[in-house]
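S.K.: Next one to model:
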Amino acid sequence: MILQIAILLGSFLLLALAGKWLIDALSRIGICLKLKEFVLAFFVVGIGATIPNLIIGVVSALNGIPELSFGDVVGSNIFDISIVVGLAALISRGGLSSNSRTVQGSSIFMVAIALLPIFLIFDGNLSRIDGVLLLAGFGIYILWLFSKKDRFTKVYENCPQKFSRGEIVKDVFYILAGLVLLFIGGLGVVHSATFLYETFHLPLGLIGIFVVAIGTCMPETFFSLQAARKGRDWMILGNQMGNVAITSTFILGIVSLIAPIKIVDFSPFIIARIFLIIAVLSFLVLIKTGQKITRREGLVLIGIYVVFLIVEILTK
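M.R.: Numbers count the residues shown, from 1 in each chain. The predicted structure follows:
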């Protein structure tokens with residue numbers, strides 16, 4: 001038992017550290033390549049932050065427990081939209097600005113994409129056909145993101161003028177090392193989740209929603225809090241919406257193609273589905289009103305997750 005707890009905590013530590021290395025290295029390379037703010041926030045950082053979810057999804061699917069990945073995605077989306085955005089708003093200098101047209105438009109897409117797998121699995125099964133639909137949704141989202149030239153006109157501000165070759169090589173090393181450590185951490189998390197499932201008969205969905213999801217959210221949590229302290233609020237909202245879009249469509253689409261997701265015990269997802277709807281709709285309303293998520297509104301988002309946690313505990 002103690003060994004399994006040590007493996008789980010060690011795996012989470014690997015996911016957190018390797019994920020942070022990966023995000024930081026991708027960001028620096030993106031700046032070095034003079035990528036625009038839009039591409040850096042919504043795409044490059046978003047992909048880096050969701051690699052832990054992807055690795056755990058693929059590993060769980062190959063091990064015949066893809067339900068764990070579905071729980072991870074649902075739990076991660078609730079955690080990102082409520083806790084991560086809420087904490088970032090609290091420590092930011094003046095709230096999280098959302099006056100960008102890309103942020104405003106992408107928020108509507110995010111709501112639709114976040115809820116799509118919830119409705120597709122209403123029958124208790126996310127089939128390979130559903131997986132194709134999710135990947136198609138991801139493709140539509142990407143086409144929309146890259147459809148307008150004005151999203152590529154603003155260069156990342158305060159970027160260094162020169163990067164040495166040594167720094168670039170070091171960042172490439174961090175990316176490769178991060179991927180290896182993420183894979184090892186993913187194996188450890190799936191192993192520990194299987195142990196909890198078989199030993200304590202805990203629902204895989206519940207393990208994914210809380211245990212796995214919180215662990216996979218640590219890299220973007222560290223990144224968002226760091227960005228909030230530096231006043232880069234545009235990266236926070238862009239990163240979180242990118243995370244939700246990528247996990248809900250691309251990752252679940254890949255997982256369901258490998259192994260269709262069949263929910264045997266749907267009870268853990270009933271409350272999670274309700275609170276995911278509450279979280280994304282609250283996020284949308286807060287972004288649209290005043291074009292800023294204030295510190296008070298950040299507390300509201302954090303409160304949603306606290307209530308979600310309490311309700312889940314009381315109903316088990």
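
S.K.: Enumerate every residue touching residue 4.
M.R.: Residues near residue 4 by C-beta atoms under 8 Å, 6 or more residues apart in numbering: 192, 195-196. Quick note: C-beta positions are derived from backbone N, CA and C, even for glycine.

S.K.: can you do 7 Å?
M.R.: Residues counted as contacts of residue 4 (C-beta atoms under 7 Å, 6 or more residues apart in numbering) are 192, 195.

S.K.: Let's see the pLDDT reported for it.
M.R.: Note on residue 4: pLDDT of 82.

S.K.: again, but for residue 102
M.R.: Note for residue 102: predicted pLDDT of 71.

S.K.: How much space separates it from residue 241?
M.R.: According to C-beta to C-beta, to the nearest Å, residue 102 and residue 241 sit 10 Å apart.

S.K.: Settle it for me: which of these two has more neighbours?
M.R.: Summary of the neighbour comparison: residue 102 and residue 241, criterion other C-beta atoms under 10 Å, with residue 241 having more neighbours (28 against 21).

S.K.: Next up, phi/psi of that one, please.
M.R.: For residue 241, the backbone dihedrals (degrees, to the nearest 10) come out as phi -70, psi -40.

S.K.: That one reaches residue 106, doesn't it?
M.R.: Yes: the criterion here is C-beta atoms under 7 Å, and residue 241 meets it with residue 106 at 5.2 Å.

S.K.: what ranges of the chain fall below the confidence cut-off?
M.R.: Residues of the chain that meet the criterion pLDDT under 70 lie in 31-39, 41, 148-165, 234, 316.

S.K.: Residue nearest the middle of it, spatially speaking?
M.R.: Closest to where the C-alpha atoms of the chain average out (C-alpha atoms, centre = their mean) is residue 243, at 3.9 Å.

S.K.: and it, what does it touch?
M.R.: The contact partners of residue 243, by C-beta under 7 Å, 6+ apart, come to 46, 49-50, 80, 220.

S.K.: Next, format those as CSV and append secondary structure and neighbour count.
M.R.: Shown next, in CSV, are the contacts of residue 243 (DSSP: H, G, I helix; E, B strand; the rest coil; neighbours: other C-beta atoms under 10 Å):
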residue, secondary structure, neighbour count
46, helix, 23
49, helix, 29
50, helix, 27
80, helix, 27
220, helix, 28
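
S.K.: Quickly check the residues you listed for the two that are furthest apart.
M.R.: Maximum pairwise distance among those (C-beta to C-beta): 10.8 Å, between 46 and 80.

S.K.: Which stretches in the stretch 151-300 of the chain count as helices?
M.R.: Here the stretch 151-300 of the chain has its helices, by DSSP state H, counting those that start in this stretch, at 165-200, 204-206, 213-216, 218-229, 233-245, 252-258, 267-288, 295-314.

S.K.: So which elements touch the longest one?
M.R.: Contact analysis of helix 165-200 by 3 or more C-beta pairs under 7 Å, 6 or more residues apart in numbering; DSSP states H and E lists helix 2-32, helix 45-62 as its packing neighbours.

S.K.: for that helix, which positions count as buried?
M.R.: 171, 174-175, 178, 181-190, 192-197 (16 or more other C-beta atoms under 10 Å).

S.K.: just how off-centre is that helix within its chain?
M.R.: The chain centre lies 16 Å from the centre of helix 165-200; the measure is C-alpha atoms, centre = their mean, to the nearest Å.

S.K.: Could you do the third one as well?
M.R.: Helix 213-216 has its average C-alpha position 9 Å from the chain's average C-alpha position, going by C-alpha atoms, centre = their mean.

S.K.: which residues sit against that helix?
M.R.: Outside helix 213-216, the residues that touch it by C-beta under 7 Å, 6+ apart are 12, 15, 52-53, 56, 71-72, 75-76, 79, 189.

S.K.: let's see 8 Å
M.R.: Applying C-beta under 8 Å, 6+ apart, the contact partners of helix 213-216 are 11-12, 15-16, 19, 52-53, 56, 71-76, 78-79, 189.

S.K.: same deal with the shortest one?
M.R.: With C-beta under 8 Å, 6+ apart as the test, helix 204-206 has contacts from 65, 67-68, 70-71, 193, 197, 263, 265-266, 268-269, 272, 312, 316.

S.K.: For it, which residues meet the burial criterion?
M.R.: The neighbour-count check on helix 204-206 (16+ other C-beta under 10 Å) flags 204-206 as buried.

S.K.: my read: residue 78 touches residue 272, true?
M.R.: Yes: counting by C-beta atoms under 8 Å, residue 272 is a contact partner of residue 78 at 6.8 Å.
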